[in-house]
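Colleague: build me a model from this:
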Amino acid sequence: MRRDATRLQHLISLTHLTEWTDSASTTARSKIKWLSIMHGLFNGTGITIGPNETVNVKELDYLFQLVKLIEETPPNVVGRCLFVDQGAPALPRSMLVDPDSYAKQIEAYTQWIIGTAKALAPSSTLANIDDGKLEQDAEEMVKFEMKFAKLTSPPEMRRDATRLQHLMED
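Modeller: So this is what the prediction gives:
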């Protein structure tokens, strides 16, 4: 959607901006200290920002939404945000959790592992390993990936933000 260039712009002092966002706040935590934020932004630049400094606010509704977002965000979330994503196997999860339907692909993947091991390992290393042992190791790797895939969430569940955002307590 293209923004309308004819929108009114609102010149407002930092003091009035703070008062306006404070009036939109329902909790003390969502009160935004605009002057402190500006001091932090311009710290060390030699630029002095005073409480009567005027800022140009193009969309007042954006500020209202920002206040609501801050109210809904748990305290200290910015300082303590840790995102851990699930790992991903080489083959698609759908193949690994349903090996009977994808037997040919899983067999080809097993052979690819064996071929890759032979291509990457020095010939002296493989001289002591028989093909049966190499095949057994590759099959064990694939079985491990199958077990691992069953522990992961399918893509359609991973798109559900309510399932992904699990807050951890201190």
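Colleague: low-confidence ranges in this structure?
Modeller: For the chain, applying pLDDT under 70 flags the ranges 1-9, 29-30, 58, 74-87, 124-127, 158-170.
Colleague: give the other helices and strands that the longest helix out of those in it contacts.
Modeller: In the chain, taking DSSP state H as the definition, the longest helix is helix 131-151. Helix 131-151 sits against helix 93-97, helix 103-120, with contacts defined as 3 or more CB pairs under 8 Å, 6 or more residues apart in numbering; DSSP states H and E. Bear in mind the C-beta positions are built from the backbone N, C-alpha and C, glycine included.
Colleague: distance from the first one to the middle of the chain?
Modeller: In terms of CA atoms, centre = their mean, to the nearest Å, the centre of helix 93-97 is found 23 Å from the chain centre.
Colleague: in that helix, what counts as buried?
Modeller: Neighbour-count burial for helix 93-97, counted by 16 or more other CB atoms under 10 Å, picks out 93, 95-96.
Colleague: check stretch 103-119 too.
Modeller: With burial defined by 16+ other CB under 10 Å, the residues of stretch 103-119 counted as buried are 106, 109-110, 113-114, 117.
Colleague: export the buried residues of helix 93-97 to TSV and tack on distance to Ile37?
Modeller: Shown next, in TSV, are those (distance: CB to CB, whole Å):
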residue	distance to Ile37
Arg93	43
Met95	50
Leu96	48
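Colleague: tell me the one of those residues nearest Glu156?
Modeller: Using CB to CB, Arg93 is the member of the buried residues of helix 93-97 that lies nearest Glu156, at 10.8 Å.
Colleague: touching, the closest one and Leu151? I think so.
Modeller: No. Using CB atoms under 8 Å, Arg93 is not in contact with Leu151; the gap is 10.2 Å.
Colleague: got the domain ranges for the protein?
Modeller: Split into domains by the TED database, the chain comes to 5-82, 93-157.
Colleague: what's Asp100 sitting at in phi/psi?
Modeller: Torsion angles at Asp100 (phi, psi; degrees, to the nearest 10) stand at phi -70, psi -40.
Colleague: could you check how many residues crowd around it?
Modeller: When neighbours are defined as other CB atoms under 10 Å, Asp100 has 6 of them.
Colleague: check Thr21 too.
Modeller: With other CB under 10 Å as criterion, Thr21 counts 20.
Colleague: likewise for the one 3 residues further on?
Modeller: By the measure other CB under 10 Å, the count of residues near Ala24 is 17.
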